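# take a look and give me a structure for this.
(one chain, ligands or ions: 4)
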Amino acid sequence: QAKAEGRNRFCFYTREMGLETAKQVNLESSLRQSLGSARYELYYQPKVDATTHHICGVEALLRWHNDKGEIQSPMDVIPILERSGLIIEAGEHMIHQACEQLAQWQRKGLYLNFALNISARQLLNSNLVETVQRAILQSGCNPSYLELEITESVIMTDVKTALDKLIKLEALGVRIAIDDFGTGYSSLAYLSRFPTHILKIDREFVKDLPWNKDNIAITRSVVELAHNLNMRVVAEGVEYDSQEAFLSQIGVEEFQGYLFGKPVPIPLFEKLYLNVSPEAVF
Ligand code: C2E
Ligand code: MG
Ligand code: MG
Ligand code: MG
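Numbering: from 1, shown residues only. Ligands and ions are numbered 1, 2, ... in the order given. Here you go, the predicted model:
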């Protein structure tokens, strides 16, 4: 009987795995077919200055429209793009789109910092430096407002290549942000050898502030060390006034989170956040 059960269980698992794999394969082919189309869209989430509460920047986040026309979470999409290598081509389109948008705002006199996420493959296995350089030149944007967000774990995957690429990117005039800081295992002192300008504290640490004693201690010392290393600190996932108050008190310069605004498509972003006279916003 145990044997029969074992066999059944085996069948059950393989069928499940088969379905999972089939879903992934379908998703991947759909992602491939739609490369370069409007089904790849960037949503924009505001970043707010801690002292003035004015919008000082924006993070562009990928939203992909699936075959049913629904938005598929980047949590599903990014790992498939990354594993299949499609992220390199998809990323190129996004970099060009981002620089075009940045240039367009700058021509209107709107000077926002513009953050874009860069994945492992993009940084380590592609001509990222050339791509970014081309996008800057073609769009005519001022690159000092462009921020490339690289996660701590990506830097640690291949320290030598990462350092080499980041130095070249910095030379183009863009700024580098360490994303999701605290979720990896490296120390900030170690990462200080990298040309990084901004540190983003991961939502994981912000989530249960200001109650969790460990996270209070961690965020405090991370902010202090980042400041000693001349980095600006951004807190992500800020949802409550109490979190904002604590983070503000310990010296965090910028906030990003649902308390200030969710990621939205470009027309809505401009309507909600930029449809005010520039004097009033900045
Ligand atoms: P991330 O770069 O850390 O982006 C922040 C994520 O937190 C976003 O999720 C954002 O929607 C979410 N978020 C912001 N504020 C709050 C909040 O107050 N509460 C909660 N619960 N969540 C908040 P999203 O858009 O689902 O993106 C997930 C991750 O996917 C990003 O994390 C980033 O690592 C990756 N990603 C997104 N777009 C791109 C892209 O264009 N290229 C690459 N390579 N990765 C991307
Ligand atoms: Mg990010
Ligand atoms: Mg982040
Ligand atoms: Mg995060």
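# buried set for stretch 120-134?
Across stretch 120-134, burial judged by 16 or more other CB atoms under 10 Å covers 120-124, 126, 128-129, 131-133. For every residue, glycine as well, the C-beta is placed using N, CA and C.
# also stretch 84-102?
By 16+ other CB under 10 Å, the buried positions in stretch 84-102 come out as 84, 86-88, 90-92, 94-99, 101-102.
# residue of this structure nearest ligand 3, please.
Using CB to the ion, the single residue of the chain nearest to ligand 3 is Asp179, 4.1 Å away.
# show me what that residue is bridged to.
For Asp179, the beta-bridge partners are Thr151 (DSSP bridges).
# residues contacting it?
Contact analysis of Asp179 by CB atoms under 8 Å, 6 or more residues apart in numbering lists 117, 149-152, 200, 202.
# and the gap between it and Pro267?
Note on Asp179: its distance to Pro267, by CB to CB, to the nearest Å, is 26 Å.
# also Leu31?
According to CB to CB, Leu31 and Pro267 sit 25 Å apart.
# cool, Leu128 as well?
29 Å.
# with Ile176 instead?
Taking CB to CB, one finds Ile176 at 30 Å from Pro267.
# show me the strands in the stretch 101-250 of the chain, by range?
For the stretch 101-250 of the chain, applying DSSP state E, counting those that start in this stretch gives strands covering 113-118, 146-151, 175-181, 198-201, 232-235.
# could I get the ones you listed in a markdown table, plus columns for mean pLDDT and distance to ligand 4?
Output for the strands of the stretch 101-250 of the chain, formatted as a markdown table (pLDDT from 0 to 100; distance: least, CB to the ion, whole Å):
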| stretch | mean pLDDT | distance to ligand 4 |
| --- | --- | --- |
| strand 113-118 | 98 | 10 |
| strand 146-151 | 97 | 8 |
| strand 175-181 | 95 | 4 |
| strand 198-201 | 96 | 7 |
| strand 232-235 | 98 | 11 |
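# indicate which one of these is closest to His53.
Nearest of the strands of the stretch 101-250 of the chain to His53, taken as CB to CB: strand 232-235 at 14.1 Å.
# just list the residues touching the residue in the stretch 1-150 of the chain positioned nearest to ligand 2, thanks.
With CB to the ion as the measure, Glu149 is the residue of the stretch 1-150 of the chain nearest to ligand 2, at 4.0 Å. Contact analysis of Glu149 by CB under 8 Å, 6+ apart lists 59, 115-118, 177-179, 200.
# and ligand 1, which of those reach it?
By CB under 6 Å from any ligand atom, the members of those lying near ligand 1 are 117-118, 179.
# more crowded one of Ile176 and Pro267?
Ile176 (22 against 8; other CB atoms under 10 Å).
# one step back: which one of the strands of the stretch 101-250 of the chain lies nearest to Pro263?
Set against Pro263 and scored by CB to CB, these come closest in strand 113-118, at 11.8 Å.
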